[in-house]
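Undergrad: give the three-dimensional model of this entry:
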Amino acid sequence: MLNRILLIAVMTAALLAIADSARATLPAVGSPVTLHLEADALGLGNGASVATWGTSDGPANAATASGTAQPTLVTGWSPLGLPGVRFDHDDDRMPLDSAVDAESIVIFAQVDVIGGQQFMLGGNPWKVMGVRSGQWFVADTPPYGTAFSDTTAPHIFTWVRNEELYLDGVGTGSNALNSKFTGSSAITILGDEATANPDNDGPGMTFGEIILFDTALSVQDRQTVEAYLTSKWIIPEPATLSLFAAAGLLALRRQR
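TA: Alright, predicted model coming up:
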C-alpha cells in the first residue's frame, strides 16, 4: 500500500512539473493590454531580488525598483505552486518606464499587511488601487472602496470603469468609478502612490500577476480574464485534473 501511495505521489509531482513548464498565456479579449506583469515569467530563484519586471504583452514597458530596497521572488507561493513577487513594506516601490492608461485593472495578489496604506498601483501622486486599514479601494477611499481584511490567501482584484469592484469574480456592491486613468492621472508606479517617499514605504503584499487594459472590459471578457487567472494560479483546468486522475488509475492498475 505504501509503495502504491509513493508511486502516485511521484507521478503527480511529475505531472505538476510538466504543467508548470508550459505557462498559461493570457487569452485575447476585446480590450488592448497596456501592461502585463507575470511573476512566473521572471525565471528567478527563491529570494532573488527583482530589480526589473518587464511586461509580457502590450507596449514595451517595465517596472524598475528605485527605492533603497527591492522586492523579492518567492517560489511556490500560489496554491498551484507558482512564484510571487513580494513587497515587504520596506521602500521597495517599482516605477514604470512610462505611464500607462487603464480603464480595467485585474490583479492576482495577496495582501500580507492590512494596517496603513498598501498600494498596488499609483499615479504619482494619484492613489490608483490599494488597501488602507481594511478597505480595498480604487482612486481613494471613500467612496470607491469595499471592506477587505484577508491576509491569508491570494485573491483576484478586478476594477472596470463604471462597474462595481469584483473580488474573485464576485461583485462587492461598491460604488462605480466612471473615469479612466490617463493623462495627468495615468498609472506610473507599482507598489506606491509616488516615485519618492511621501508617506508610505511600499505595500506589504505579494503579486502574482497584474494586467491593465486600455478600455473597459465587457462582462464576458472580464469573466474570461478572471477564469484564466483562476485556472493558472488557483485551480487546475479540467484537462489537467483529468490527466492527474488518469495517472492515478494507471498507477493503481500497475500495482495490482
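
Undergrad: how far off centre is stretch 163-177?
TA: Distance, stretch centre to chain centre, for stretch 163-177: 17 Å (CA atoms, centre = their mean, to the nearest Å).

Undergrad: going forward, count from 59.
TA: Shifting the count to begin at 59 puts that one at stretch 221-235.

Undergrad: what's in contact with that stretch?
TA: Contacts of stretch 221-235 with the rest of the structure, by CB atoms under 8 Å, 6 or more residues apart in numbering, involve 194, 196-197, 201-204, 206, 213-220, 274, 280-281, 284-285, 288. Where you see a C-beta, it was placed from the backbone N, CA and C, and this is true even at glycine.

Undergrad: buried sites along it?
TA: For stretch 221-235, the neighbour count (16 or more other CB atoms under 10 Å) marks 221-225, 232, 235 as buried.

Undergrad: these in strands, which ones?
TA: If you go by DSSP state E, the buried residues of stretch 221-235 have 224-225 in strands.

Undergrad: show me which pair in the buried residues of stretch 221-235 is furthest apart.
TA: Greatest spacing in the buried residues of stretch 221-235, by CB to CB: 225 and 235 (15.4 Å).

Undergrad: so residue 211 sits right up against residue 168, yeah?
TA: Yes. Judged on CB atoms under 8 Å, residue 211 makes contact with residue 168 at a distance of 6.5 Å.

Undergrad: between these two, which one's more packed in?
TA: residue 168 (20 against 11; other CB atoms under 10 Å).

Undergrad: mind checking the end-to-end distance for stretch 117-127?
TA: Its first and final residues considered, stretch 117-127 spans 27 Å by CA to CA, to the nearest Å.

Undergrad: and the average pLDDT for that stretch is what?
TA: The average pLDDT for stretch 117-127 rounds to 89.

Undergrad: now it: buried residues?
TA: Buried residues in stretch 117-127 (16+ other CB under 10 Å): 119-121, 123-125, 127.

Undergrad: so which of those comes closest to residue 139?
TA: residue 121 (23.7 Å).

Undergrad: contacts for the host helix or strand of the closest one?
TA: Applying DSSP states H and E as the criterion places residue 121 in strand 120-122. With contact meaning CB under 8 Å, 6+ apart, strand 120-122 is reached by 95, 109-113, 152-155, 247-248.

Undergrad: out of those residues, which is most surrounded?
TA: residue 248 leads the contacts of strand 120-122 on contacts (other CB under 10 Å) with 28 neighbours.

Undergrad: which residues sit in contact with that one?
TA: Per CB under 8 Å, 6+ apart, neighbours of residue 248: 95, 111, 121, 151-154, 178-180, 265, 268.

Undergrad: please apply the same query to residue 247.
TA: In this structure, residue 247 makes contact with 121, 151-154, 179-182, 253, judged by CB under 8 Å, 6+ apart.

Undergrad: rewinding a little: quick one: which of the contacts of residue 248 is nearest residue 88?
TA: Closest to residue 88, out of all of those and judged by CB to CB, is residue 268, at 19.5 Å.

Undergrad: the lengthiest strand in the chain pairs with which strands?
TA: Scanning the chain for the longest strand, with DSSP E as the assignment, gives strand 262-271. Take DSSP bridges as the rule and strand 262-271 pairs in its sheet with strand 91-96 (antiparallel), strand 142-146 (antiparallel), strand 162-169 (antiparallel).

Undergrad: out of these, the one nearest residue 240 is which?
TA: Of all the strands paired with strand 262-271, strand 91-96 sits nearest to residue 240, with 10.0 Å by CB to CB.

Undergrad: do a quick rundown of the strands in the stretch 209-314 of the chain.
TA: 213-218, 224-225, 228-229, 245-248, 262-271 (DSSP state E, counting those that start in this stretch).

Undergrad: returning to that earlier point: now the contacts of residue 247 as TSV including secondary structure?
TA: Converted to TSV, those look like this (DSSP: H, G, I helix; E, B strand; the rest coil):
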residue	secondary structure
121	strand
151	coil
152	strand
153	strand
154	strand
179	strand
180	strand
181	coil
182	coil
253	coil
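
Undergrad: since that was my last question, I'll sign off now.
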